[in-house]
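J.: Model the structure of this input:
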Amino acid sequence: MKNIAIIGAGAWGTALAMVARRAGRNVVLLAHEPEVADAVNEACENSLFLPGVALDPEIRATNDPGEAAADADAVLLAVPAQFLRAVLSGLSGDLPSGAPLVICAKGIEQGTLALISEVAGEVVPQAPVAVLSGPTFAADVALDRPTAVTLASADEALGAGLSEALGTPRFRIYRSDDIVGTQVGGAVKNVLAIGCGIVEGRGLGDNAKAALITRGLAEIVRLGLAKGAKAETLMGLSGIGDLVLTCNAMQSRNFSLGVALGQGEALDAILAARTSVAEGVFSAASVSELAANLSVDMPLSVAVDGILNHFADIDATIEGLLARPAGAEQ
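T.: This is a model prediction of the structure:
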């Protein structure tokens with residue numbers, strides 16, 4: 001896999017471009033914004049989404065989907081989950097035959113309640129699919145700080161090939177065959193991170209945050225099992241690893257958004273001030289609806305959805321959660 005196309009030049013797509021270059025691959029980065037492509041090509045920096053990080057001058061950016069995908073041996077999809085269907089539909093005619101799609105977005109599609117692999121399977125059914133997920137802040141990855149991720153593929157040979165193509169000593173790839181579990185962990189943790197941010201913003205303390213993370217993990221496992229995932233996947237990097245990272249740092253777009261909500265800021269004002277997407281805002285409704293459809297109890301995720309999408313009062317929501325009976329832990 002010599003040539004890697006990365007679809008989406010946000011912070012994560014740009015960081016992945018650096019990963020692929022360090023692994024010795026040729027990289028083409030597809031940017032939506034012309035100014036991003038120009039900045040990457042001329043200044044070796046993505047000043048809009050990843051400012052201050054010097055990029056490898058061999059990374060080539062373009063606004064032309066056909067140019068990005070033309071010679072790709074693998075295509076990494078790093079666009080926000082809610083836009084992926086439209087982007088992939090526009091790209092499908094340019095994809096080389098047999099080139100695998102590597103899903104690097106985290107979320108559940110609104111309306112259809114589809115996992116991203118299910119979206120890809122509908123739009124480009126002939127393409128092999130893998131999922132790359134785990135505890136990854138884009139800036140840390142771009143700066144070559146040690147990182148470990150999960151790469152899930154039902155095809156063992158494909159998983160091994162992608163791991164060899166992208167892995168380095170400081171970007172450690174652990175393989176899995178659980179595509180569903182790898183995605184469920186990444187999608188639900190964004191919702192829970194907003195909840196943890198609200199706890200932080202309301203000054204409820206570290207005990208409350210630890211409780212939310214732990215009981216939130218139980219919700220992730222329940223939903224994962226209902227979708228056919230393996231519980232052990234969610235005890236790994238793409239489950240608890242990603243959850244712990246995202247629920248504890250202001251680098252997390254979802255956690256920092258929750259902090260602002262907890263401090264009394266309005267959601268519309270928070271979103272208007274940002275250029276990047278906090279995926280949990282969009283996935284909250286999908287997670288809540290999917291849980292209801294599958295008869296899975298997810299009170300924390302549903303509570304976050306209520307605050308984000310149904311004008312639920314934060315303090316009343318917290319009191320309602322605390323009034324729930326505490327049963328057996330397992």
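J.: Moving C-terminal from the helix or strand harbouring residue 68, which element do we reach first?
T.: Assessed by DSSP states H and E, residue 68 sits inside helix 65-69. Next helix or strand after helix 65-69 toward the C-terminus (DSSP H and E): strand 74-77.
J.: Identify each buried residue in whichever helix or strand comes after that next one, please.
T.: Sequence-wise, the next helix or strand downstream of strand 74-77 (DSSP H and E) is helix 84-91. Neighbour-count burial for helix 84-91 flags 84-85, 87-88, 91 (criterion: 16 or more other CB atoms under 10 Å). C-beta coordinates here come from the backbone N, C-alpha and C atoms, glycine included.
J.: Show me what helix 84-91 is packed up against.
T.: Helices and strands touching helix 84-91, by 3 or more CB pairs under 8 Å, 6 or more residues apart in numbering; DSSP states H and E, are helix 65-69, strand 74-77, helix 116-123.
J.: Dump these into TSV; add distance to residue 157, mean pLDDT and mean neighbour count as well.
T.: Output for the helices and strands packed on helix 84-91, formatted as TSV (distance: least, CB to CB, whole Å; pLDDT from 0 to 100; neighbours: other CB atoms under 10 Å):
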stretch	distance to residue 157	mean pLDDT	mean neighbour count
helix 65-69	22	93	18
strand 74-77	13	98	26
helix 116-123	18	96	19
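J.: Out of these, flag the one nearest residue 23.
T.: strand 74-77 (11.4 Å; CB to CB).
J.: show me where the protein has strands.
T.: With strands called from DSSP state E, the chain shows them at 3-7, 26-30, 60-62, 74-77, 101-103, 129-133, 147-153, 171-176.
J.: OK, contacts around residue 188?
T.: Residues near residue 188 by CB atoms under 8 Å, 6 or more residues apart in numbering: 216, 219-220, 223, 283, 287, 301.
J.: Ok, residue 217 next?
T.: Each residue near residue 217 by CB under 8 Å, 6+ apart is listed here: 234, 239-240, 243.
J.: and the buried residues of helix 84-91, which two are the farthest apart?
T.: Across the buried residues of helix 84-91, no pair lies farther apart than 85 and 91, at 10.9 Å, counting by CB to CB.
J.: returning to what we had before: tell me the one among the contacts of residue 188 nearest to residue 307.
T.: Distance to residue 307 across the contacts of residue 188 (CB to CB) is lowest for residue 301, with 11.1 Å.
J.: pLDDT at residue 125, what is it?
T.: Per-residue pLDDT puts residue 125 at 95.
J.: now it: how far from residue 92?
T.: In this structure, residue 125 and residue 92 are 10 Å apart, going by CB to CB, to the nearest Å.
J.: Looking at these two, which one has more neighbours?
T.: The residue with more neighbours, out of residue 125 and residue 92, is residue 92; 16 against 9, by other CB atoms under 10 Å.
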